[in-house]
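K.L.:
predicted model and sequence below, questions to follow.
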Amino acid sequence: MRCYRTSTGLFVGTQAEGGDAFSRIVVPDDKPALLNFLNALAGEQQPEPAERVTPSAPPPIQPAPSRQPTGPITLADAETFIQEADHRQLASLAENVILRMRELGKGAGL
């Protein structure tokens, strides 16, 4: 693959982009040769390392407040749960209600 390198060292794809002063570079297509080319190129230009920043430890994750009721569950608690539940939770709840109603129906002779 042919590329062009400007006088400032920038690689471009066409001679027009290269401007007045450019050099033609043949970049290898196969992986081993390309890696050698890139490593040699990296050896040409060793930029000054930027100021080293040591990442600080992230703050500890605070657990979410517990939503467990402190006393017996009331009808209002059940209604609140139903209003805030997502699809998966509602499907599970509906399935359990149906199973419980069948159990109660068998005991009543229904």
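P.N.:
Looks like it came in fine.

K.L.:
residue contacts, residue 80?
P.N.:
Not one residue lies near residue 80 by CB atoms under 8 Å, 6 or more residues apart in numbering. No exception for glycine: its C-beta is placed from N, CA and C like everyone else's.

K.L.:
in a helix, it, correct?
P.N.:
Yes - membership of residue 80 in a helix is supported by DSSP: H, G, I helix; E, B strand; the rest coil.

K.L.:
residues in contact with stretch 10-28?
P.N.:
Counting by CB under 8 Å, 6+ apart, stretch 10-28 makes contact with 1-7, 34, 36-37, all of which sit outside it.

K.L.:
and it, how far out from the chain's middle?
P.N.:
36 Å (CA atoms, centre = their mean, to the nearest Å).

K.L.:
tell me the mean pLDDT for it?
P.N.:
Average pLDDT, stretch 10-28: 81.

K.L.:
which of the residues in it are buried?
P.N.:
For stretch 10-28, burial by neighbour count (16 or more other CB atoms under 10 Å) applies to 18, 22.

K.L.:
straight-line length of it, end to end?
P.N.:
18 Å (CA to CA, to the nearest Å).

K.L.:
what's the lengthiest helix in the chain packed up against?
P.N.:
If you go by DSSP state H, the chain has its longest helix at helix 87-107. For helix 87-107, the packing partners by 3 or more CB pairs under 8 Å, 6 or more residues apart in numbering; DSSP states H and E come out as helix 75-84.

K.L.:
no further questions, thank you.
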